[in-house]
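Peer 1: Show me the folded form of this:
(chains A and B, ligands or ions: 2)
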Amino acid sequence: MKEDGTLFPSSSRLAEINSMENQDTKPKIECKGLWKIFGPNPTKIVNDWDDYKDLSKTELVKKTSCVVGVRNINLSVRTGEIFVIMGLSGSGKSTLLRCINLLHKPTAGSVVIDGEDITKLSTASLRNLRRQKIGMVFQHFALLPHRRVIDNVAYGLEVRGIDKNKRYEKAREMLELVGLQGWERQFPHELSGGMQQRVGLARALATNPEILLMDEAFSALDPLIRRQMQDEFIRLLKVVNKTIVFVTHDLHEALRIATKIAIMRAGVVEQIGTPAEIVLNPKTTYVAEFVKDLPKAKFVTAGDIMEPAEKWTMPVNSTVDQIINKMDIEGLWYAYVVDEHQRIKGVIDYRNLSNGNGKLREDMIEGSYPSKSQQTFLEELIKMAAKTSIPIAITDDSNRLVGVVTRERLLSTLSS
Amino acid sequence: MNQVTFPVRIPVGHWAEIAITWLTDNFESAFDGVSKAVNLLLVNIDHFFNWVPWPIMIAVISGIGWLLAGKRTAIFTAISLFLLGSFNLWPEGMSTLALVTTSVFISVVLGLPLGILAAKNNKFDLFLRPILDGMQTIPSFVYLIPAIMLFGIGNVPGVMATVVFSLPPMVRLTNLGIRQVDAEVVEAGMAFGSTPWQLLMKIQLPLALPAIMTGVNQTVMMALSMVVVAAMIGAGGLGYKILYSIQRVNLAVGVEAGLGILFIAMVLDRILQGITKHQEKAIFKEQ
Ligand SMILES: Nc1ncnc2c1ncn2[C@@H]1O[C@H](COP(=O)(O)OP(=O)(O)OP(=O)(O)O)[C@@H](O)[C@H]1O
Ligand SMILES: [Mg+2]
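Peer 2: Ligands and ions are numbered 1, 2, ... in the order given. Alright, predicted model coming up:
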């Protein structure tokens, strides 16, 4: 068998994914050269950054009374993506999130939503954008303390002028979704922190926005509900094709829910990538330090490390000689037989093949073989690989072979 | 006494005279209009308070006290007002109450929007601050003179002087109350696309209400403290009784009228504090 030894996912496969995504979806949200400096005369800091770049945070405050919120951020979020902003406390996550709906007015740069630079919008258009397109969950909940739970949830609809019955109906639906039916008449302070957070979630969902900005939206939930929210809720959002920007300081949460992660440090983005890219190919020492102790098996999926299917694929109408020949060249002990639609018919063992010009016989094809989907975490694959020496077939929903994961691949990934 | 000579004499007093004269000359009809409107308001409230038979008045005010501040305040109110009547000062008491009500009404109507504006606009706040300080620290006697020049003698300049003195806490506490509202809550309002008006009516004012009610309370107390001063330029009521007692050195009348003002002040204070607590409870129902 051929030993590959390179780190996965291979750059070619990544390029493939990227080009695929490029075709599929235009960016929903883009930040271009985005800066947010707090303090007096912030534009001066942006313009003369070279003069300030060597100062520490405290030195900068002393000298200019300014604090860097975020600095020169460039990122792009596609429709349906769950884009996670990750970083330690004070790294600028909330600041970046607030720039996206202009709760913070950027000091420099632009925020583009659906191709439109929203920093140039009139007050009325911006208001409309916030009403129709963007929902937000706040880090400290920010519920309206003088309003009952139901009026909190219905707030976004209320300011749009939706009549009471309709907005209450929708609000009840949302409260049910987050598991708070029966709490409509309570005031926020009568609820626990976790429950208040869910009210905040329901409020953001009630207006059915295309974009959800979530600032540590699960942080106050107890572990059980938190897991449940991460799994169910995020999956739900994926299905309805919402675009989510999610802030967290919890790397495990980030890896669990993200399609893309941006790691922030001191106001700058250190690296943007898929969870697997971040874990497997950290670009800076800071990111490397961050992911050092992560159990990769929990966050890397079969799709991230599988080898391309072609090498392992044998058309069902090949002759035995053709197959032996190909397996010799590739150095394979096993190969997958597929029909004309790439659907797997079974696996063949090199040792069971006898020379001959004849067609492949049914008895040479073994019908039981290990297979998993691309989303399977390595954890699962390891369990499977322990039981069989047959390379694991990675299949799509219609049992088509899309890739193969060998024991060697698994081991080299986990040990790197 | 030594004659001290300064190189210049800056005639500020003279300028002020010119300014007020100019105002009266050029805006006479405007001041007349204001004067008539205020007078109408005051006279009607005064008539009404004096028209209502005293047992009903005591019952109503105590009832309000009960609703807003509880049983003890209600009993306290009933006793205080009864004592006021027993001093033979009921009509004067009602006139003073009318004067205070009118002044406070005007102060709230002016102070609330000014406070809101100051909360929303830092420049306006900075501009307003020294003026408010001035209104409160310059001895109230000083602006009796322009009040007379602009509005003549009688109840109206009394109300106006009272408004000048009692307006600042209303503006200040409205301003403070709105600024104190949790920034993230306001941001939440904006994030969901509230208009500034919606933000004000649905979030900022309701949450500033306890502070605003404290402002109203202080305004009432300020207004009460002005009734004697206002009497000097022709306002009636208990203030006039006290002025009279000073002029005649009549201790008995002075003590009774003074106690009368005290009773009214304590009753109003208790009831208004009751409202404030009530509001706070409605908003932050912790206890
Ligand atoms: N309104 C503000 N005025 C001045 N400085 C601010 C303001 N908001 C944030 N900052 C500063 O910007 C920096 C980034 O803050 P930010 O709230 O974005 O951090 P964060 O990553 O969300 O942290 P946390 O995880 O603690 O919420 C901090 O140094 C903070 O002091
Ligand atoms: Mg934050």
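
Peer 1: hey, what's the residue in the stretch 201-350 of chain A that ligand 2 sits nearest to bridged with?
Peer 2: Closest contact between the stretch 201-350 of chain A and ligand 2, by CB to the ion, is at A:Asp215 (5.9 Å). From N, CA and C alone the C-beta is placed, and that goes for glycine too. Applying DSSP bridges to A:Asp215 gives these bridge partners: A:Val247.

Peer 1: Next, the buried residues of the host helix or strand of A:Ile324.
Peer 2: Using DSSP states H and E, the element containing A:Ile324 is helix A:320-330. Within helix A:320-330, the residues scored as buried using 16 or more other CB atoms under 10 Å in any protein chain shown are A:Val320, A:Ile323, A:Ile324, A:Lys326, A:Met327.

Peer 1: Average pLDDT for it, rounded please.
Peer 2: Here helix A:320-330 scores 88 as its mean pLDDT.

Peer 1: What lies in contact with the helix or strand following that helix?
Peer 2: As assigned by DSSP H and E, the chain's next helix or strand after helix A:320-330 is strand A:334-338. With CB atoms under 8 Å, 6 or more residues apart in numbering or on different chains as the test, strand A:334-338 has contacts from A:309, A:312-316, A:323, A:326-327, A:344-350, A:360, A:365, A:369, A:390-391, A:393, A:400-401, A:404.

Peer 1: Okay, and which of these map to strands?
Peer 2: A:313-315, A:344-349, A:365, A:393, A:401, A:404 (DSSP state E).

Peer 1: Now render those residues as CSV, adding distance to ligand 1, neighbour count and pLDDT.
Peer 2: Below are these laid out as CSV (distance: CB to the nearest ligand atom, whole Å; neighbours: other CB atoms under 10 Å in any protein chain shown; pLDDT from 0 to 100):
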residue, distance to ligand 1, neighbour count, pLDDT
A:Thr313, 47, 16, 90
A:Met314, 53, 20, 89
A:Pro315, 54, 14, 89
A:Ile344, 47, 20, 92
A:Lys345, 53, 17, 90
A:Gly346, 52, 16, 91
A:Val347, 50, 22, 92
A:Ile348, 54, 24, 90
A:Asp349, 54, 14, 89
A:Ile365, 56, 18, 87
A:Ala393, 43, 25, 93
A:Leu401, 44, 20, 92
A:Val404, 41, 25, 93
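
Peer 1: Tell me the secondary structure of the residue of chain B at minimum distance from ligand 2, please.
Peer 2: Per CB to the ion, B:Glu184 is where chain B lies closest to ligand 2, at 10.7 Å. What DSSP: H, G, I helix; E, B strand; the rest coil gives for B:Glu184 is helix.

Peer 1: Likewise for B:Phe141?
Peer 2: Of the three states, B:Phe141 takes coil under three-state DSSP.

Peer 1: tally of neighbours for it?
Peer 2: 11 (other CB atoms under 10 Å in any protein chain shown).

Peer 1: next one: A:Ser110
Peer 2: So A:Ser110, with other CB under 10 Å, has 15 neighbours.

Peer 1: can you check B:Ala118 too?
Peer 2: 24.

Peer 1: contacting residues around it?
Peer 2: B:Ala118 touches B:Phe124, B:Asp125, B:Leu128, B:Val171, B:Thr174, B:Asn175, counting by CB under 8 Å, 6+ apart.

Peer 1: hmm, try it at 10 Å
Peer 2: For B:Ala118, the contact set (CB atoms under 10 Å, 6 or more residues apart in numbering or on different chains) comprises B:124-129, B:132, B:171-172, B:174-176, B:178-179.

Peer 1: same check, this time on B:Gly115
Peer 2: B:108, B:125, B:128, B:167, B:169-179, B:208, B:211-212, B:215.

Peer 1: try it again with 6 Å
Peer 2: By CB atoms under 6 Å, 6 or more residues apart in numbering or on different chains, the contact set of B:Gly115 is B:Val171, B:Thr174, B:Asn175.

Peer 1: quick one, helices of the stretch 1-150 of chain A?
Peer 2: Assigned by DSSP state H, counting those that start in this stretch, the stretch 1-150 of chain A shows helices spanning A:11-24, A:42-47, A:49-52, A:57-64, A:93-100, A:123-132, A:149-153.

Peer 1: Near ligand 1, which residues of chain A are found?
Peer 2: A:38, A:67, A:69, A:87, A:89-95, A:139, A:249 (CB under 6 Å from any ligand atom).

Peer 1: can you list those in JSON lines and add distance to B:Tyr244?
Peer 2: JSON lines is the format used below for the residues of chain A next to ligand 1 (distance: CB to CB, whole Å):
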{"residue": "A:Phe38", "distance to B:Tyr244": "62"}
{"residue": "A:Val67", "distance to B:Tyr244": "64"}
{"residue": "A:Gly69", "distance to B:Tyr244": "67"}
{"residue": "A:Gly87", "distance to B:Tyr244": "75"}
{"residue": "A:Ser89", "distance to B:Tyr244": "69"}
{"residue": "A:Gly90", "distance to B:Tyr244": "69"}
{"residue": "A:Ser91", "distance to B:Tyr244": "73"}
{"residue": "A:Gly92", "distance to B:Tyr244": "71"}
{"residue": "A:Lys93", "distance to B:Tyr244": "71"}
{"residue": "A:Ser94", "distance to B:Tyr244": "66"}
{"residue": "A:Thr95", "distance to B:Tyr244": "67"}
{"residue": "A:Gln139", "distance to B:Tyr244": "64"}
{"residue": "A:His249", "distance to B:Tyr244": "73"}
